[in-house]
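Trainee: Model the following, please.
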Amino acid sequence: MLRQALLAIAKSERAERVISSSRLTSDVVARYVASDVGAVIGELTRKGLLVTVDHLGEEVTDESQAEAAVAEYVRLLGLLPAGADVSVKLTALGLRLSRELALGHAATICREAAARDVTVTLDAEEHDTIPWLHSVHAALREDHPEVGVVVQAYLPDSLERCDGLAGARVRLCKGAYTAPGAYTRPADIDRSFVRCLKILMAGTGYPMVATHDPRLVRVAATLAVLAGRDQTGYEHQMLYGVRPDEQLRLAGQGARMRVYVPYGADWYAYLMRRLAERPRNLAFFLRSLLSRR
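Mentor: Here you go, the predicted model:
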């Protein structure tokens with residue numbers, strides 16, 4: 001119930017005004033959102049961590065906003081080292097306005113990224129955008145086979161999605177939205193995650209295991225061994241600010257460990273979804289609101 005409440009707050013304009021205007025939220029935002037993205041990328045890279053960077057923003061309402069998002073991603077690419085990745089939400093590129101508009105903008109980002117030896121991953125969003133997400137991904141792969149896509153294990157068709165993504169880079173996550181008919185019990189979501197992971201590890205693509213759950217991290221490593229994959233054949237992904245010691249531990253063991261780094265002023269919805277994914281982070285959030293540390 002707490003997760004559902006937090007996801008509802010993420011969509012509340014009134015709650016956004018109250019929380020965003022409080023100067024006491026800065027501690028929380030700084031923990032999860034990079035204020036100086038170039039400096040954060042440099043620090044993580046020096047520690048042996050890979051990065052995927054997300055310019056926060058979604059659901060644009062006109063073409064000029066979508067064009068501005070593309071321009072920001074092109075600027076961002078100039079900050080990234082070879083081997084980095086960018087995470088892109090198609091609604092930020094105008095998906096709600098036109099599939100073709102979003103496809104064209106995503107293709108521009110893919111071309112610019114390829115020239116810098118950087119990959120692109122299309123982020124999953126609200127459930128009604130998922131068919132368009134996979135349609136755009138399939139179209140992009142014709143010219144940009146390295147473009148990745150996110151599959152959310154909480155959706156009941158996630159197994160079919162994974163089965164149909166042979167040869168693709170796939171980021172598997174639990175999911176941070178709501179959807180009709182979706183799994184809501186943590187145990188059901190975890191079971192779906194493992195079923196999807198088995199398909200991806202046994203397949204011909206490149207699995208990106210996006211979870212902070214210690215048990216699922218161990219399951220991923222075991223399934224990789226059973227599938228004959230070495231540590232270059234898949235990667236772990238975790239959020240900036242979440243389990244940083246574990247990120248360093250995995251990287252120190254030779255695993256490919258990629259940190260999802262968000263930046264930008266439009267942080268509210270992102271932060272609320274992160275709290276919904278890990279409700280125990282709410283205690284940290286409340287302490288920051290109620291104290292002046």
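Trainee: Could you tell me which residues make contact with the spatially most central residue of the chain?
Mentor: Centroid-nearest residue in the chain: Asp123, 5.8 Å away (criterion: Cα atoms, centre = their mean). The contact partners of Asp123, taken as Cβ atoms under 8 Å, 6 or more residues apart in numbering, are 54, 87-90, 150. For the C-beta atoms, the positions are set from N, CA and C on the backbone; glycine is no exception.
Trainee: farthest pair in those?
Mentor: Greatest spatial distance in those: Asp54 and Leu90, 12.6 Å, computed using Cβ to Cβ.
Trainee: if we can go back for a sec, and of the contacts of Asp123, the nearest to Ile41?
Mentor: Of the contacts of Asp123, the one sitting nearest to Ile41 (Cβ to Cβ) turns out to be Asp54, at 12.1 Å.
Trainee: Look up the closest residue to that closest one, ignoring the ones flanking it.
Mentor: Ser87 (4.1 Å; Cβ to Cβ, 6 or more residues apart in numbering).
Trainee: do the same with His144
Mentor: Cys110 (4.2 Å).
Trainee: Quick one: residues contacting that neighbour.
Mentor: 120, 140, 143-144, 147.
Trainee: are any of the residues you listed buried, and which?
Mentor: Buried members of the contacts of Cys110, scored by 16 or more other Cβ atoms under 10 Å, are 120, 140, 144, 147.
Trainee: Return the subset of those residues lying in strands.
Mentor: Val120 (DSSP state E).
Trainee: Closest one of the buried ones among the contacts of Cys110 to Val225?
Mentor: Among those, and counting by Cβ to Cβ, the member closest to Val225 is Val147, at 27.7 Å.
Trainee: pLDDT score assigned to the closest one?
Mentor: The model reports Val147 with a pLDDT of 98.
Trainee: just to revisit the earlier point, any chance of the contacts of Cys110 in CSV with distance to Ala255 as columns?
Mentor: Formatted as CSV, the contacts of Cys110 follow (distance: Cβ to Cβ, whole Å):
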residue, distance to Ala255
Val120, 22
Leu140, 28
Asp143, 31
His144, 26
Val147, 23
